[in-house]
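# Please work out how this folds:
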Amino acid sequence: MSNKDDLITICGAGGFIGGHLVADLRLQGFTKLRAVDIKPVSEWYQVFDDVQNLTLDLQEINACRTAVKDAAQVYNLAADMGGMGFIENNKALCMLSVLINTHLLMASREAEVKGFFYSSSACVYNADKQRDPRVIPLKEEDAYPGMPEDGYGWEKLFSERMCRHFREDFGIATRIARYHNVYGPHGTWDGGREKAPAAICRKVLEAKQSGNLTINIWGDGEQTRSFQYIDDCVLGSQMIMNSDFYEPINLGSSELVTINQLVSIAEEIAGVKLERSYNLSAPKGVNGRNSDNTLIKQVFNWEPSTKLRDGLEKTYVWIEEQMALGKTSL
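Numbering: from 1, shown residues only. Below you'll find the predicted structure:
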């Protein structure tokens, strides 16, 4: 367990999850926070003046040394990624994130960091286990034999192994969470990197505001997913970091819906009914994916519990506010 006067470094702090993690740690009374991102601070989703905010390219080893210097804990949430459209069309960029985790581990070893958290992804799971929309929830052991999402998933699976071997060989206390589709306010909602919940909220809002009551859906809409609200992700990440559990573990909701059902929830929130068209050639990922939460309930007596309807309404309201202000995603 970290102390309130320990220095904690959050890598990727200018992004969606990193920004929320910094905000939550501040609320808990942590006073020594170092927030790091490759983007200029002016482009971060959440910025706090009482936090040390650094713009660093963490693909460089010396930047990683600066980021982790004197830190007791390091959260690695930094990656070049986005929704399925970005992942399928930018495999090399996604794989280059391996440099970030590798150099952060090397620098953390030198700095004798006490705890290292790596944000992995459900994209590490074997594709053969996700071909049916009526997917059996994925257990942690389903990542092997390895057949992850090409590009992004391979980088995540490799980096998981890197964390494991730095722990076994060099004694760094690494922890690994496999995130399943995190969503919420203060994240990307347009521009091509947004994920399904934010994209659907935006499309419904655009249809409502324009009066053109149609919506385009990627795939046939019958692909299934579970979506985890940001508050659960932030809480679960800290629980895992401060535990004695070191193996990769699912951090996701087990509330399974089709994309068509996700659209229906957004329509209900907006008070509209839209005509649906389906783009069968658009990137849609695997046919079915859900989180098996047996292990996290067993270890922590807890699992993400925010209902999709509740979390999506907060996300919808925030995106509506951004659109009203004339803002775009950073």
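
# The lowest-mean-pLDDT helix or strand in the chain: what's the following helix or strand?
Lowest by mean pLDDT, DSSP states H and E among the helices and strands of the chain is helix 84-89, with a mean of 82. Using DSSP states H and E, the helix or strand that directly follows helix 84-89 along the chain is helix 91-95.

# ok but residue 216 is inside a strand, no?
Yes. Note on residue 216: a strand contains this position according to DSSP: H, G, I helix; E, B strand; the rest coil.

# Can you give me the separation between it and residue 200?
11 Å (Cβ to Cβ, to the nearest Å). Glycine gets a C-beta too; all of them are placed from N, C-alpha and C.

# Looking at these two, which is more packed in?
Legend: neighbour count by other Cβ atoms under 10 Å for residue 216 and residue 200, higher for residue 200 (24 against 12).

# what secondary structure does the more buried one sit in?
Assignment for residue 200 (three-state DSSP): helix.

# what does the one 4 residues further on give?
Assigned state for residue 204: helix (three-state reduction, three-state DSSP).

# per-residue confidence for residue 330?
Residue 330 is assigned a pLDDT of 58 by the prediction.

# now do residue 209
94.

# Walk me through the domains of the protein.
The chain breaks down into these domains under the TED database: 8-183+228-251, 196-225+256-293+306-325.

# Between the two ends of the shortest one, what distance do you get?
In other words, domain 196-225+256-293+306-325. 22 Å (Cα to Cα, to the nearest Å).

# what do you get for the first one?
Terminal residues of domain 8-183+228-251 are spaced 21 Å apart (Cα to Cα).

# burial measure for residue 96, as a count.
15.

# so what's it up against?
Contacts for residue 96 (Cβ atoms under 8 Å, 6 or more residues apart in numbering) come out as 59, 80, 155.

# ok, now residue 251?
So residue 251 contacts 177, 178, 179, 180, 228, 233, 236, 237, 240, 291, 296, 304 (Cβ under 8 Å, 6+ apart).

# Give me the pLDDT value at the fifth one.
Spelled out, that is residue 228. pLDDT at residue 228 comes out at 97.

# How much space separates it from residue 121?
12 Å.

# neighbour count winner among the two?
residue 228 (28 against 25).

# quick one: low-confidence ranges for the stretch 201-330 of the chain?
The stretch 201-330 of the chain contains residues with pLDDT under 70 at 329-330.

# Thank you kindly, that will do.
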